[in-house]
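Undergrad: only geometry, no sequence info:
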């Protein structure tokens, strides 16, 4: 319980730091360009702590689900010639505009956001998400270069007593297979350790029958040397197993410093041809799993890893709307939660707690996993905040870019500069977006409480 709490607290601190660093990006560039920033806040809701230094109030609020800096003049005054005819929408926009302009003091001449060049506003709004990208790169670098990534070795970690190929009938045999494990690839099936040398299941594990034991290192297969490089060697073992249905394979192993030859005959198993394929193929299966070593990567591996992670994260964001119905069913109808589906802050903090408490992880593995969580969170903050939707940072960036394009078109046509883009007109959109975001956050919160994604 203590380690679980420690993991949750550590993640909360990491999240607050990430949010604060995001806001620092906005703050630094706003100040550099001479904008007045009266508030720098981490979190939402009631203020827990605050202190004023100079013209800025710095503080922490009760709900660590975001943050903000308040820059004066985010919304420009009404354009000349704007219709004065009262409508509900115009009254709403006028009220929002009035509230924003109330912050502008007579001494703020030239220091308001809307009066700054478009490129300065783009930099100010992009800097926040960019700071999250910086943190993601730093954390991923720590994981890859400092701790390494787990890679399969040629040493066996697990050799079950008995096995049922995937799809085999298991009814009535739960007494013999207390903890079924579904694996994939060459070893797809259900494996179990009965704790006894006699197997009550229909098929004894080929590996166990041949005498393979956990800790054995595979040196050669049918006399052909197996690479001892992480991943490469185990790939060779998998290929040989898959190709050898009902064909004996001589495993040359090292056990307690001595070489031995053991003959293993893979049984037939049916697996899917690909991750997203409905087609099945027959492959050999012996029922062993490899030990893993953490292998440190070169710094040059970071960009490629980051690029592939960003691509997967973008896919997840694009798929988010279609995953909401399944999330709703998981939250309220008891449907099984998709382990690859969206997860909220509560869910990630829970996983962080489980990582710290998981006794099968070494301290190094726990710290590495924790940094991966923080890296992933910062990458999501970077991508999400750059969505070109107001009131997100990307919406402000899009507005400034549109203003530049509009001014350029006007100049080419010999017309006067139309001035700042009136982002106040997007306030109704902002309220809709904020409402949808709050609804999704509430749904994630409920799902993470009643039907959480767990480490196991």
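TA: Structure's in. What do you need? Since the model is a prediction, treat every value here as computed from it, not as a measurement.
Undergrad: show me where the stretch 151-300 of the chain has its strands.
TA: For the stretch 151-300 of the chain, the strands defined by DSSP state E, counting those that start in this stretch cover 162-165, 181-182, 189-192, 203-204, 217-221, 224-225, 249-255, 258-264, 267-272, 280-285, 289-295.
Undergrad: mind showing which ranges of this structure have poor pLDDT?
TA: Low-confidence segments of the chain (pLDDT under 70): 79-86, 163-203, 274-278, 456.
Undergrad: roughly how far apart are the residue nearest the centre of it and residue 135?
TA: Geometric centre of the chain, nearest residue: residue 376, 3.9 Å, by Cα atoms, centre = their mean. Counting by Cβ to Cβ, to the nearest Å, the separation of residue 376 from residue 135 is 11 Å. Glycine gets a C-beta too; all of them are placed from N, C-alpha and C.
Undergrad: shared neighbours of the two, which are they?
TA: Counting by Cβ atoms under 8 Å, 6 or more residues apart in numbering, no residue touches both residue 376 and residue 135.
Undergrad: name the nearest residue to residue 369, sequence neighbours excluded.
TA: With sequence-adjacent residues excluded and distances taken as Cβ to Cβ, 6 or more residues apart in numbering, residue 369 is closest to residue 355, at 4.8 Å.
Undergrad: residue 253 versus residue 226, what's the distance?
TA: According to Cβ to Cβ, residue 226 stands 10 Å off from residue 253.
Undergrad: list the residues that contact both of these two?
TA: By the contact definition Cβ under 8 Å, 6+ apart, residue 226 and residue 253 are jointly contacted by 218-219.
Undergrad: returning to what we had before: beyond whatever helix or strand the residue nearest to residue 369 lives in, next helix or strand please.
TA: Using DSSP states H and E, residue 355 sits in helix 345-357. For helix 345-357, the succeeding helix or strand toward the C-terminus, using DSSP H and E, is helix 363-385.
Undergrad: now stretch 101-118, how far from the centre of its chain.
TA: 38 Å (Cα atoms, centre = their mean, to the nearest Å).
Undergrad: ok, now stretch 414-433?
TA: That offset, for stretch 414-433, works out to 33 Å (Cα atoms, centre = their mean).
Undergrad: same check, this time on stretch 149-161
TA: On Cα atoms, centre = their mean, the centre of stretch 149-161 falls 26 Å from that of its chain.
Undergrad: give me the buried positions along it.
TA: Neighbour counts over stretch 149-161 (16 or more other Cβ atoms under 10 Å) mark 149, 151-156, 158-161 as buried.
Undergrad: show only the entries of these found in helices.
TA: Here DSSP state H is the test, and the buried residues of stretch 149-161 give no hits in helices at all.
Undergrad: any idea how far residue 318 is from residue 382?
TA: 16 Å.
Undergrad: do the same with residue 252
TA: Distance from residue 252 to residue 382, by Cβ to Cβ: 49 Å.
Undergrad: and these two? Which one has more around it.
TA: Legend: neighbour count by other Cβ atoms under 10 Å for residue 252 and residue 382, higher for residue 382 (23 against 18).
Undergrad: hang on, that one packs against residue 130?
TA: Yes - between residue 382 and residue 130 there is a contact under Cβ atoms under 8 Å: 7.3 Å.
Undergrad: how far off centre is stretch 18-31?
TA: 22 Å.
Undergrad: which positions within it qualify as buried?
TA: 18-27, 29-31.
Undergrad: what residues does it touch?
TA: 37, 40-43, 64, 66-69, 71, 113, 120, 123-125, 127-132, 134-135, 374, 377-378, 381, 385, 393.
Undergrad: buried ones among those residues?
TA: Neighbour-count burial within these applies to 37, 40-43, 64, 66-69, 71, 113, 120, 123-125, 127-132, 135, 374, 377-378, 381, 385, 393; the criterion is 16+ other Cβ under 10 Å.
Undergrad: which strands and helices lie in contact with the one helix or strand residue 60 maps to?
TA: Applying DSSP H and E as the criterion places residue 60 in strand 56-70. Judged by 3 or more Cβ pairs under 8 Å, 6 or more residues apart in numbering; DSSP states H and E, strand 56-70 is in contact with helix 2-32, strand 39-53.
Undergrad: redo those as CSV? Include distance to residue 350.
TA: Shown next, in CSV, are the helices and strands packed on strand 56-70 (distance: least, Cβ to Cβ, whole Å):
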stretch, distance to residue 350
helix 2-32, 7
strand 39-53, 20
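Undergrad: out of the ones you listed, which is closest to residue 323?
TA: Of all the helices and strands packed on strand 56-70, it is helix 2-32 that lies closest to residue 323, at 22.5 Å by Cβ to Cβ.
Undergrad: from the chain's centre, how far out does that closest one sit?
TA: That offset, for helix 2-32, works out to 16 Å (Cα atoms, centre = their mean).
Undergrad: what does stretch 47-62 give?
TA: 30 Å.
Undergrad: same check on stretch 259-269?
TA: With Cα atoms, centre = their mean, you get 39 Å for stretch 259-269.
Undergrad: can you give me the end-to-end distance of it?
TA: For stretch 259-269, the separation between the terminal residues is 29 Å (Cα to Cα, to the nearest Å).
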